[in-house]
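**Student:** Sequence and predicted structure below; questions after.
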Amino acid sequence: MSVTLAANPDFASFDPLAALGRLSRDADWLGLRFVEEHTHRRAVRNGRPEHNAATFERGVMIEALVDGQIAYAATSDLTNEGLDRAAQQATDTARRLAGFRVFPFAAERERPPIRGQFHAVSERWLDSLSLAEFSDRLVQVCQHLRVSERIVTTVAEATLVETRMRYVSTNGSDIDQTFMLIGQHFAAIAHDRGATQQRSLNGPHARCWQGGLEHFDWDDLYGECERVGREALELLEAENCPTEKLDLILAPDQMLLQIHESIGHPLELDRILGDERNYAGWSFVKPDDFGTLAYGSPLLNVTFNPTLQGEFATYGFDDAGAAANREYLIREGRLLRGLGSRESQARLGLPGVANFRASSWNRAPIDRMGNINLEPGVSSLPDMIAAVESGIFMEANRSWSIDDYRNKFQFGCEYARLIEDGRLTRTVKNPNYRGVTVPFWHSLAAVGAADSFRPFGTPYCGKGEPNQVIRVGHAAPPCLFRGVDVFGGAE
């Protein structure tokens with residue numbers, strides 16, 4: 001039996017533009033965002049299938065502008081009556097709130113008409129492999145992870161998602177986008193004599209990209225998973241990470257977390273405005289920091305890049321129709337631009353990007369990260385290691401903690417090796433490091449070259465009330481930081 005995640009035939013029968021034309025026009029402006037999503041997830045634990053599921057959802061979010069106020073209402077009832085009820089609810093809410101608005105919005109400024117398409121491409125989708133064959137591959141992954149009797153748990157998970165989105169508005173916007181997304185998680189837990197250690201391939205759920213089965217090079221995965229199993233055993237025998245100030249090299253799969261927490265979230269303009277302060281927190285960044293703050297060393301170059309093919313949050317337009325382009329957020333260490341929608345840009349008078357995004361059809365867009373990448377430098381990893389007299393090389397995120405202002409942090413990794421006199425030496429377990437955002441980025445002393453630049457992502461970035469869990473991408477090379485506080489699990 002083979003299964004395809006091709007779009008439901010009903011998608012073709014629902015015409016968002018025609019539906020918008022049938023809605024009553026009590027509002028000054030209306031927008032309609034239709035989303036249809038198919039998800040297929042399979043998980044194997046200890047060589048046995050654990051979770052096999054295919055889900056399908058679709059619905060419409062309608063936004064209405066009345067007297068300078070925008071409000072939203074969602075529905076999965078795509079009949080004329082259901083859409084009319086949602087449109088009327090959004091209109092009535094906008095009208096009721098207009099007298100209390102914090103800022104007057106205008107369709108010609110916050111929702112100008114835009115037309116376009118973005119269609120992700122996959123070389124091979126799930127219809128090219130039977131479910132039995134796919135499950136058997138994941139079973140074999142677990143077998144390769146279990147390199148010893150001391151590996152007590154093995155996990156192999158895969159998720160494939162196909163999303164279709166159409167956004168139309170009464171002033172002429174018409175945007176059609178499709179996305180094909182995959183996620184992988186492969187992990188081994190080792191236990192012996194009361195000690196337990198986990199090692200995964202690039203950290204939990206970091207292996208996320210746009211595309212399909214072309215990302216499953218099974219022979220390569222089998223070899224990589226055997227390495228993961230061996231490294232889990234190494235950690236059982238390893239000494240604890242030392243507690244001292246060391247030079248630190250972070251692999252790209254940990255740079256994912258470092259960029260996400262200490263650059264991505266602090267630069268979200270809604271946090272800077274205070275909109276998220278009671279849930280996701282504020283930011284140490286102030287409006288007058290843009291254009292002036294030296295965020296890091298001159299080697300720090302960070303872009304918002306929703307155009308990088310294959311990265312997890314690549315798209316053509318955000319969920320309010322803004323065209324997505326590559327922009328520098330930080331250039332040669334200087335903070336230039338924030339992550340904010342047209343609404344946030346207007347309220348703060350600051351430049352932003354096309355990052356007004358919603359996690360589903362039943363959520364209103366808010367300021368969210370897309371692809372936030374640390375651009376490559378010129379150093380090779382061997383040269384970085386050779387330049388370190390006393391240091392540590394850490395891989396794959398295990399834990400994170402950062403304050404409400406995205407300023408003070410401490411992060412833990414799965415696996416590390418000491419660097420002594422320019423050479424990688426002993427493996428150590430429970431490696432952690434701590435810092436303060438701006439001083440930490442000022443300690444950046446070397447950035448890996450383009451051939452070491454790797455994209456990863458996460459499907460689990462949470463924010464907003466009601467909560468929205470959204471997909472983001474982060475790409476980076478390995479990076480060297482000087483004089484970082486490092487500590488082990490005993491502390």
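**Tutor:** On my side now, so go ahead.

**Student:** just checking, what's the longest helix in this structure?
**Tutor:** helix 218-237 (DSSP state H).

**Student:** what's the domain layout of this structure?
**Tutor:** By the assignment in automatic domain parsing, the chain contains the domains 10-237, 240-487.

**Student:** Out of those domains, which is the most enclosed?
**Tutor:** Compared across the domains of the chain, domain 240-487 shows the largest average neighbour count, a mean of 20 (mean count of other CB atoms under 10 Å). For the C-beta atoms, the positions are set from N, CA and C on the backbone; glycine is no exception.

**Student:** Need the domains of the chain in JSON lines (columns: mean pLDDT).
**Tutor:** Listed next are those as JSON lines, based on pLDDT from 0 to 100:
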{"stretch": "domain 10-237", "mean pLDDT": "94"}
{"stretch": "domain 240-487", "mean pLDDT": "97"}
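
**Student:** just to revisit the earlier point, show me the contact partners of the longest helix of the chain.
**Tutor:** With contact meaning CB atoms under 8 Å, 6 or more residues apart in numbering, helix 218-237 is reached by 137, 140-141, 144-148, 150-151, 154, 156, 186-192, 195, 197-201, 414-415, 427, 429.

**Student:** got the CA positions of it in CSV?
**Tutor:** Provided in CSV are the C-alpha atoms of helix 218-237 (Å, rounded to 0.1, in the frame of the first residue of the first chain):
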residue,chain,number,x,y,z
TRP,A,218,19.4,5.9,4.2
ASP,A,219,22.9,4.5,3.9
ASP,A,220,24.3,7.7,5.2
LEU,A,221,21.8,7.8,8.0
TYR,A,222,22.7,4.3,9.0
GLY,A,223,26.3,5.2,9.4
GLU,A,224,25.6,8.5,11.2
CYS,A,225,23.3,6.6,13.6
GLU,A,226,25.9,4.1,14.4
ARG,A,227,28.2,7.0,15.3
VAL,A,228,25.4,8.4,17.5
GLY,A,229,25.2,5.1,19.4
ARG,A,230,29.0,4.9,19.9
GLU,A,231,29.0,8.5,21.2
ALA,A,232,26.3,7.7,23.7
LEU,A,233,28.5,4.9,25.0
GLU,A,234,31.5,7.3,25.1
LEU,A,235,29.5,9.7,27.3
LEU,A,236,28.9,6.9,29.9
GLU,A,237,32.6,6.7,30.5
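
**Student:** Please identify the pairing partners of the next helix or strand after it and their relative orientation?
**Tutor:** Under the assignment DSSP states H and E, the closest C-terminal helix or strand after helix 218-237 is strand 239-240. Applying DSSP bridges to the sheet, strand 239-240 is found paired with strand 423-429 (parallel).

**Student:** what angle separates the strand it pairs with from helix 218-237?
**Tutor:** Between strand 423-429 and helix 218-237, the angle comes out at 70 degrees (axes from the mean of the first three to the mean of the last three CA atoms, to 10 degrees).

**Student:** Quick check: closest non-adjacent residue to R150.
**Tutor:** Distances taken as CB to CB, 6 or more residues apart in numbering place D192 nearest to R150, at 4.8 Å, with adjacent residues excluded.

**Student:** Tell me how far the one you found lies from E149.
**Tutor:** The gap separating D192 from E149 is 9 Å, by CB to CB, to the nearest Å.

**Student:** follow-up on the earlier one: for the longest helix of the chain, the distance to its chain's centre please.
**Tutor:** 25 Å (CA atoms, centre = their mean, to the nearest Å).

**Student:** cool, and stretch 412-424?
**Tutor:** From the chain centre to the centre of stretch 412-424 is a distance of 27 Å (CA atoms, centre = their mean).

**Student:** Ok, stretch 480-491 next?
**Tutor:** Relative to the centre of its chain, stretch 480-491 is centred 26 Å away, using CA atoms, centre = their mean.

**Student:** With stretch 446-458 instead?
**Tutor:** 15 Å.

**Student:** what's next to it, contact-wise?
**Tutor:** Taking CB under 8 Å, 6+ apart as the rule, stretch 446-458 contacts 202, 205-209, 252-253, 256, 260, 299-300, 308, 310-313, 371, 373-381, 383-384, 387, 471-480.

**Student:** Now intersect the residues you listed with the strands, please.
**Tutor:** Judged by DSSP state E, strands contain the following of the contacts of stretch 446-458: 207-209, 373-374, 471-476, 479-480.

**Student:** Let me have those in TSV, extended by distance to T243.
**Tutor:** Listed next are the ones in strands among the contacts of stretch 446-458 as TSV, based on distance: CB to CB, whole Å:
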residue	distance to T243
R207	31
C208	33
W209	36
N373	32
L374	27
R471	36
V472	32
G473	33
H474	28
A475	31
A476	26
C479	22
L480	20
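
**Student:** among these, which two are most distant?
**Tutor:** For the ones in strands among the contacts of stretch 446-458, with distances taken as CB to CB, the pair at the greatest spread is R471 and L480 (29.1 Å).
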